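Enquirer: turn this into a model:
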Amino acid sequence: MTAEDAEPTPRTTTLSATQSRELRRMEQHRRETLDALIGELVMHALGEPPDLYQVQVRRLWEDHYRVNVFVGMDAASAKVAHSYFLVADGDGKIVASTPQITKKY
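Expert: Residues are numbered from 1 along each chain as shown. So this is what the prediction gives:
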């Protein structure tokens, strides 16, 4: 049996610690960008409430998110004015929302 007759063995690729950290950093940046986009789309559909404090986007699993819209003068007085459970595609497009997002402001 010659080397040419032998079946090729699959190669395993190992990443260096630096490459692994860089991939994690890039994935974190991608998620943060996607979260920001989802928050912007919610605010575009809802309108901006008076005393908007913060829009919080939390990934629950895969493509499911919870978005909370806080109003108030500061963190101590902020309250949730609107809350949505969303399904968004990989590009941040909102596919479904419970409750439905309607223009309020």
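Enquirer: show me where this protein has helices.
Expert: Taking DSSP state H, the helices of the chain run over residues 17-46.
Enquirer: in it, what secondary structure element scores lowest on mean pLDDT?
Expert: helix 17-46 (a mean of 94; mean pLDDT, DSSP states H and E).
Enquirer: so what does that one touch, helix or strand wise?
Expert: If contacts are counted by 3 or more Cβ pairs under 8 Å, 6 or more residues apart in numbering; DSSP states H and E, helix 17-46 sits against strand 52-61, strand 64-71, strand 79-88, strand 94-98. From N, CA and C alone the C-beta is placed, and that goes for glycine too.
Enquirer: give me the pLDDT for the residue nearest to residue 36 when sequence neighbours are not counted.
Expert: Leaving aside its chain neighbours, residue 36 sits nearest to residue 57 (7.5 Å; criterion: Cβ to Cβ, 6 or more residues apart in numbering). Residue 57 carries a pLDDT value of 98.
Enquirer: residue 57 touches residue 67, doesn't it?
Expert: Yes - under the criterion of Cβ atoms under 8 Å, residue 57 makes contact with residue 67 at 5.2 Å.
Enquirer: how near is the residue nearest to residue 36 to residue 20?
Expert: Per Cβ to Cβ, to the nearest Å, residue 57 is found 26 Å from residue 20.
Enquirer: residue 51 reaches residue 69, doesn't it?
Expert: No - applying Cβ under 8 Å, one finds residue 51 not in contact with residue 69, separated by 10.9 Å.
Enquirer: that'll do, ta.
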